[in-house]
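>>> got a predicted structure plus its sequence, pasted below:
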Amino acid sequence: MLAANRWFVLCVAISAQIASICALFGVPFVIPELRAAYGLTVAQAGTLAGMPSLGLLLTLLAWGVAIDRYGERVTMTLSLLLTAGVLALLAAVDSPVGVGVLLALVGAASGPVNAASGRLVLGWFAAHERGLAMGIRQAAQPLGMALAAALLPLLAERYGFVTAMLLPAGLSLATAPLAALFATGARQARAPRADPGGEGATGSPYLRSTIWRVHGTSMLLGVPQSALMTYALVYLVDEHGWRAATAGVFISLVQLPGALVRLGAGAWSDRIGNRLGPVRIIAAATGAALLLLAGAAWTSSAAGVVLLALCLLLSMSHNGLTFTAVAETAGLAWAGRAMAVQNSLQSVAATLTPLIAGALIQTWGYAVAFAGTALFCGLAIAVVPPGHPAGGITSARR
């Protein structure tokens with residue numbers, strides 16, 4: 001029964017994460033409608049797409065403290081309800097500035113779901129299966145992206161941007177009761193154990209360099225991921241003449257194997273007993289694929305479509321590994337804050353990347369933007385800390 005419960009808790013975490021991802025990262029899939037409705041340039045629309053990440057950045061550390069203090073159930077439920085409420089307010093504004101403010105508030109409200117759901121996994125799963133469990137939980141990101149990419153462009157094309165964003169609002173509202181009832185973390189579990197492992201057991205993990213290097217790796221790899229997710233649809237529309245709805249379906253289909261790749265990466269790290277060795281390989285493959293995509297964009301080759309799919313697939317495959325690594329490094333007592341810090345640093349990348357990449361696209365084209373993001377993969381390879389065996393936290397429930 002206990003073994004079955006932990007998988008059910010994981011399903012609740014996945015559901016909450018999918019709703020949150022749709023709210024946080026759904027705007028790039030309706031950029032054509034934003035541009036048409038407000039007369040925006042690519043860079044301006046990309047800036048609006050980055051506003052949820054700005055709101056996320058400004059509030060994540062506070063949410064991390066709240067998660068460690070009040071637990072996953074309270075913070076996840078409150079977050080989902082607030083997210084639904086703010087998205088509903090989009091109908092009351094009629095200017096790009098108003099939309100931007102509300103999108104930033106969406107990011108602020110959505111903040112704790114990723115860290116809190118990750119903390120659930122840490123408490124319920126032992127080290128030998130934690131990579132797989134976190135990979136399954138992290139698969140919620142491509143699944144949420146797939147849902148947003150498949151439905152939001154179609155809804156926006158038919159009914160407008162505001163109506164389309166009611167989809168993530170509805171998902172958040174529907175998921176909140178599940179979080180309230182079942183998102184019980186290890187601290188509330190019967191007969192919990194103290195955390196005997198991880199650096200967090202002997203003091204702050206931030207007194208050591210390892211956790212900062214894991215954070216840096218995650219932040220650097222977030223740059224190509226953010227650039228691709230923001231401008232993939234626009235690239236297909238502008239450079240290949242696709243309809244936005246068709247491009248959305250294409251991106252949605254790419255996300256599905258992306259979810260499987262995250263599961264495979266997690267299982268791989270469990271098998272070899274190392275979280276970050278696979279991250280180096282993923283970073284190298286992503287950088288190489290981005291350079292090929294840049295070449296295809298420069299020559300206007302039809303191969304750009306296939307290479308775009310490959311880049312999307314590779315760029316999303318590291319998240320579960322880096323989140324598991326940072327949580328295990330921090331220890332359960334620090335896990336909420338550590339994952340919030342990691343989310344914050346990723347949000348810096350997700351906030352600035354659409355703005356900078358949009359300016360590069362507008363000035364020099366997609367080829368330069370794609371090549372520029374490949375550089376961050378090379379930097380990530382240099383920053384990844386050596387070693388990092390799996391484990392460090394003992395599950396509170398078996």
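Right, received. Where do you want to start? As the structure is a prediction and not an experimental result, all values here were calculated from the model. Residues are numbered from 1 along each chain as shown.
>>> now do the contacts for the residue lying closest to residue 47 once chain neighbours are set aside.
Nearest non-adjacent residue to residue 47, counting by CB to CB, 6 or more residues apart in numbering: residue 355, 5.2 Å away. Where you see a C-beta, it was placed from the backbone N, CA and C, and this is true even at glycine. Contact criterion CB atoms under 8 Å, 6 or more residues apart in numbering gives 43, 46-47, 50 as the residues in contact with residue 355.
>>> with residue 85 instead?
Counted by CB under 8 Å, 6+ apart, residue 85 has contacts residue 109.
>>> how close does it get to residue 20?
To residue 20, residue 85 is 14 Å away according to CB to CB, to the nearest Å.
>>> and residue 94, helix, strand or coil?
Taken by DSSP: H, G, I helix; E, B strand; the rest coil, the conformation at residue 94 corresponds to coil.
>>> distance of it from residue 32?
Taking CB to CB, one finds residue 94 at 19 Å from residue 32.
>>> now swap in residue 384 and tell me
Separation of residue 384 from residue 32 (CB to CB): 37 Å.
>>> same check, this time on residue 95
19 Å.
>>> neighbour count for those two, which is higher?
Relative neighbour count places residue 32 above the other of residue 95 and residue 32, with 22 against 9, counting by other CB atoms under 10 Å.
>>> helices or strands next to the helix or strand encompassing that one in the packing?
Assigned by DSSP states H and E, residue 32 belongs to helix 31-38. Counting contacts by 3 or more CB pairs under 8 Å, 6 or more residues apart in numbering; DSSP states H and E, helix 31-38 packs against helix 42-70, helix 96-110, helix 140-159, helix 161-164, helix 209-240.
>>> which of these comes out lowest on mean pLDDT?
Mean pLDDT across the helices and strands packed on helix 31-38 is lowest at helix 42-70; the value there is a mean of 84.
>>> report the inter-axis angle for the helix or strand that comes right after that helix versus helix 96-110.
Next along the chain after helix 42-70, taking DSSP H and E as the criterion, comes helix 72-88. Using axes from the mean of the first three to the mean of the last three CA atoms, to 10 degrees, one finds that helix 72-88 and helix 96-110 are set 170 degrees apart in direction.
>>> go through helix 72-88 and flag the buried ones.
Of the residues in helix 72-88, 72-84, 86-88 count as buried by neighbour count, 16 or more other CB atoms under 10 Å.
>>> relative to residue 45, how far out is residue 229?
Using CB to CB, residue 229 is found at 14 Å from residue 45.
>>> please apply the same query to residue 230.
9 Å.
>>> shared neighbours of those two, anything?
31, 358.
>>> rewinding a little: list of residues touching the helix holding residue 32?
Contacts of helix 31-38 (CB under 8 Å, 6+ apart): 27, 40-42, 45-46, 48-49, 95-96, 99, 153, 156-157, 160-161, 164, 230, 233-234, 237, 244.
>>> keeping just the C-alphas, turn that helix into CSV.
Extracted in CSV, the C-alpha atoms of helix 31-38 (Å, rounded to 0.1, in the frame of the first residue of the first chain):
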residue,chain,number,x,y,z
ILE,A,31,2.9,35.2,-30.1
PRO,A,32,1.4,35.6,-33.6
GLU,A,33,-1.9,36.7,-32.0
LEU,A,34,-0.1,39.0,-29.6
ARG,A,35,1.7,40.6,-32.5
ALA,A,36,-1.5,41.1,-34.4
ALA,A,37,-3.6,42.3,-31.5
TYR,A,38,-1.1,44.9,-30.2
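>>> quick one, what contacts residue 265?
131, 135, 278, 282, 317-318, 320-321.
>>> mind redoing it with 10 Å?
Applying CB atoms under 10 Å, 6 or more residues apart in numbering to residue 265 gives the contacts 131-132, 134-135, 138, 275, 278-279, 281-282, 317-321, 324.
>>> residue 139 against residue 260, yeah?
Yes. Using CB atoms under 10 Å, residue 139 is in contact with residue 260, at 7.5 Å.
>>> quick one, which of these two is more surrounded?
Legend: neighbour count by other CB under 10 Å for residue 139 and residue 260, higher for residue 139 (25 against 14).
>>> residues in contact with that one?
By CB under 10 Å, 6+ apart, the contact list for residue 139 reads 14, 17-18, 255-256, 258-263, 266, 316, 319-320.
>>> try it again at 8 Å.
Applying CB under 8 Å, 6+ apart to residue 139 gives the contacts 14, 258-260, 262-263, 320.
>>> among the residues you listed, which ones are buried?
Applying 16+ other CB under 10 Å to the contacts of residue 139 flags 14, 258-259, 262-263, 320 as buried.
>>> and the helix-or-strand element of the chain with minimal mean pLDDT, how far out from the chain's middle?
Least confident helix or strand of the chain, by mean pLDDT, DSSP states H and E, is helix 127-138 with a mean of 78. Distance of helix 127-138 from the chain centroid (CA atoms, centre = their mean, to the nearest Å) equals 16 Å.
>>> thank you, goodbye.
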